[in-house]
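Trainee: Turn this into a model:
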Amino acid sequence: MLQETQTDQKRVAATGEQNSAYDFSRCKLCATFAASPKYKLKNTTVYACATCDFHFINHLDSLPPAPQGDVTTPLDRKTREYIEGKLPASGKQLKENMLLVKRHLSLSGSHCLDIGAGAGLFAQLLTEEGAFVHGIEPQGIFREFAQQKFGIALNGETIETQHWQQGFAGFFDVVTLWDVLEHLNFPAENLQNAYNVIKPGGWLFLDTPRRDTLYYRISEWSYRLGSGANTRLLETLYSPLPFRHKQIFNLNQLLELVGKIGFSVTSMQSSFFRSHNKIVLVCRKP
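Mentor: A predicted model of the protein is given here:
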């Protein structure tokens, strides 16, 4: 099923088609044609799969090819200042993520890939630990910021491309996906592609919002009690805007997925009660 859905992914990427090319009745997790509209929001619809209960919206981001050295919109002063203003808050979380990584291995001399590298801050933290770092970031503005701020050249080619799948097969000691899975068009395939570039015995670190939390259930109850009129809470969780949340896993779905791909879970953090709580997983490739 994963390979069948990945075929759809490659066709969408190759043709440049996006939402019109994908049949959203086909679950993006289990690939069965069992998904149907569950919550109709103002600007999008949340689909739920009758087979595996995966929740995702009927939207895919447009991701044109972006090789190294591509021409992007220049990073203007206002945008640079905005990104700079976000660094302290994100930096606090990323430093905690770094401590998690360092509890499992020494980074000095390790080959690391940060998928969804954003402004390049975690890539910079890895560099400071003596790692050899690669980063993937499809948004040109962030790549330019990382180059100017940290001197780090992030790659715009996403993980499913030949550049990574053939050029770096079984290469990396560490792959990280911090707040990434919920934003991806095809999260299951991206995890498989991440597995492919990790060397035997290598590590995967990720975090992503958890769906089976009290906040999510309250959002669902609010929608139902209002007969579909109260969408505000669900709209804080999903959005069709570029690079926003397209899907949210529950804990069992994510654990089953990483296990099916071949990872073993060595550490997990999560909680039911916190509002936008994340699942944090540490996985290892045999």
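Trainee: Run through who's touching stretch 168-179.
Mentor: The contact list for stretch 168-179, computed with CB atoms under 8 Å, 6 or more residues apart in numbering, reads 93-94, 97, 101, 105, 107, 110-116, 122, 131, 134, 190, 194, 196-200, 202-208, 278. Every C-beta, even on glycine, is put in place using the N, C-alpha and C of the backbone.
Trainee: again, 6 Å this time
Mentor: 97, 110-115, 194, 196-199, 202-207 (CB atoms under 6 Å, 6 or more residues apart in numbering).
Trainee: do the same with stretch 112-124
Mentor: 83, 91, 94, 126, 131, 133-137, 142, 145-146, 150, 152, 154, 159, 172, 174-177, 180.
Trainee: Between the two ends of it, what distance do you get?
Mentor: For stretch 112-124, the first-to-last residue distance is 11 Å (CA to CA, to the nearest Å).
Trainee: So the chain: which segments form each domain?
Mentor: Using automatic domain parsing, the domain parsing of the chain gives 2-60+217-235, 93-210+249-284.
Trainee: Contacts only, for Pro240.
Mentor: Residues in contact with Pro240 (CB under 6 Å, 6+ apart) are 43-44, 59.
Trainee: tell me the SS of it?
Mentor: Using DSSP: H, G, I helix; E, B strand; the rest coil, the structure places Pro240 in coil.
Trainee: Any figure for the gap between it and Asn196?
Mentor: 29 Å (CB to CB, to the nearest Å).
Trainee: same thing with Ala35?
Mentor: Using CB to CB, Ala35 is found at 26 Å from Asn196.
Trainee: what about those two, which has more around it?
Mentor: Per other CB atoms under 10 Å, whichever of Ala35 and Asn196 has more neighbours is Ala35, with 25 against 20.
Trainee: Mind pulling the model confidence for that one?
Mentor: pLDDT, Ala35: 98.
Trainee: pretty sure it is in contact with Val46, am I right?
Mentor: No - Ala35 lies out of contact with Val46 (CB atoms under 6 Å); the separation is 10.1 Å.
Trainee: Need the mean per-residue confidence for the biggest strand by length in the chain.
Mentor: Determined from DSSP state E, the single longest strand within the chain is strand 198-209. For strand 198-209, mean pLDDT is 97.
Trainee: partner strands of that strand, parallel or antiparallel?
Mentor: The strands that strand 198-209 pairs with in its sheet are strand 172-178 (parallel), strand 278-284 (antiparallel) (by DSSP bridges).
Trainee: Dump it to CSV, keeping only the CA atoms.
Mentor: Provided in CSV are the C-alpha atoms of strand 198-209 (Å, rounded to 0.1, in the frame of the first residue of the first chain):
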residue,chain,number,x,y,z
ILE,A,198,19.9,6.2,7.3
LYS,A,199,22.7,3.7,7.8
PRO,A,200,22.2,0.5,9.7
GLY,A,201,22.2,1.3,13.4
GLY,A,202,21.4,4.9,12.6
TRP,A,203,18.9,7.1,14.4
LEU,A,204,15.7,8.9,13.6
PHE,A,205,14.4,11.7,15.9
LEU,A,206,11.0,13.3,15.3
ASP,A,207,8.2,15.2,16.9
THR,A,208,4.7,16.0,15.6
PRO,A,209,1.4,17.1,17.1
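Trainee: Can you give me the buried ones in the helix or strand just after that strand?
Mentor: Once strand 198-209 ends, the next helix or strand along the chain (criterion: DSSP states H and E) is helix 214-225. Residues of helix 214-225 classed as buried: 215-216, 219-220, 223 (neighbour count, 16 or more other CB atoms under 10 Å).
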